[in-house]
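> Whatever this is, show me its structure:
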Amino acid sequence: MPTMVIIDDPEDMRVAAYRDVRERDLVGRDGLFMAEGLVVLEKMLASSAFRPLSLLIAAKRIDALAPMLAQVPDDVPIFAAAQPVLDAVAGFPLHRGILAIGRRIETPSADALLGSLEGDSDVLLLSAIANHDNMGGIFRNAAAFGVKAILLDADCCDPLYRKAIRVSVGAALLVPFARIERGEDPLALLARHGFDTIALSPTGASMLSDYAPKRRNAVLLGAEGPGLAPELLARVASVRIAMASGFDSLNVATTSGIVLHHLACS
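Numbering: from 1, shown residues only. Here you go, the predicted structure:
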């Protein structure tokens, strides 16, 4: 069984990494990230791509969580604290009562990730998605519709930011993803691996409903407001989603759900 450690002092250095969660998110620190909540922790424990390094649990939840905690590797400490102590460590009322620090085991290149995909596959290519809510929503939709991989350009935020993972309901730990290096040509990369790429744009040349998916499809999504860079749009077929006259803007996470449903059901 994992080691259970009782924490009764919020200043205990053994839980220093959990202190002031909102201000000290572990994103970008040596591949570490912070997970929050039962569902997210379950996803991490079930994944072969991520590994927990420690857990911080409200003491009142330990007994009810015993079956899940039994899945934690023996060398991973589980810190248990009374709710007031837990809240003081986190810096806000942690109603879920569950935090964990994890590490991504492997960080594949975009080329290696695409090369690992066999047969029919749908992937997403995200450009400059900087909002963590949108990033989490996109990953959630991707998991729901069986997307095999997500590629992120250099201007995208980290899917392993605590809020992005939470909004994704743990899907950020399920859908494989990779970064495209700045200066790397993402469209050439996708073409080399046999993907037919479409871009979503309010000015798309044709309707999404008229698009017939191929065996290997890549969907290019850009940030709300500025949208996709003109140089990218000029090189790829663009489609638009039908909507009410006089309004041409959809949340990018909503857009991803609509287009992925079309690919899955066509």
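
> buried sites along the helix or strand where residue 140 lies?
According to DSSP states H and E, residue 140 maps onto helix 132-144. Within helix 132-144, the residues that qualify as buried are 132, 134-143, counting by 16 or more other C-beta atoms under 10 Å. To be clear about C-beta, it is placed using only N, CA and C from the backbone, and glycine gets the same treatment.

> which other residues reach the following helix or strand past that helix?
Using DSSP H and E, the next helix or strand after helix 132-144 towards the C-terminus is strand 149-152. Contacts of strand 149-152 from elsewhere in the structure, counted by C-beta atoms under 8 Å, 6 or more residues apart in numbering, are 110, 113-114, 117, 121, 123-126, 129, 138-139, 142, 159, 175-180, 186, 189-190.

> Run me through the strand neighbours of strand 149-152, direction for each.
Using DSSP bridges, strand 149-152 pairs in its sheet with strand 121-127 (parallel), strand 177-179 (parallel).

> starting at the chain centroid, how far to it?
10 Å (C-alpha atoms, centre = their mean, to the nearest Å).

> List the buried residues of stretch 96-111.
Within stretch 96-111, judged by 16+ other C-beta under 10 Å, the buried ones are 96-102, 104, 108, 110.

> need these in CSV with distance to residue 247 and secondary structure, can you?
Formatted as CSV, the buried residues of stretch 96-111 follow (distance: C-beta to C-beta, whole Å; DSSP: H, G, I helix; E, B strand; the rest coil):
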residue, distance to residue 247, secondary structure
96, 37, coil
97, 42, coil
98, 40, strand
99, 41, strand
100, 42, strand
101, 43, strand
102, 41, strand
104, 39, strand
108, 39, coil
110, 34, helix
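
> Of those residues, which is the nearest to residue 60?
Nearest to residue 60 among the buried residues of stretch 96-111: residue 97, at 7.3 Å, using C-beta to C-beta.

> Which residue, neighbours along the chain excluded, lies closest to the closest one?
Of all residues not flanking residue 97 in the chain, residue 58 sits nearest, at 3.2 Å (C-beta to C-beta, 6 or more residues apart in numbering).

> Could I get the contacting residues of the one you found?
Contacts of residue 58 (C-beta under 8 Å, 6+ apart): 80-83, 86, 94, 97-98.

> same deal with residue 103?
With C-beta under 8 Å, 6+ apart, residue 103 has these contacts: 30-33, 50-51, 53.

> What is the three-state secondary structure of it?
strand (DSSP: H, G, I helix; E, B strand; the rest coil).

> ok, it to residue 17 distance?
Residue 103 sits 12 Å away from residue 17, going by C-beta to C-beta, to the nearest Å.

> and what of residue 210?
Distance from residue 210 to residue 17, by C-beta to C-beta: 51 Å.
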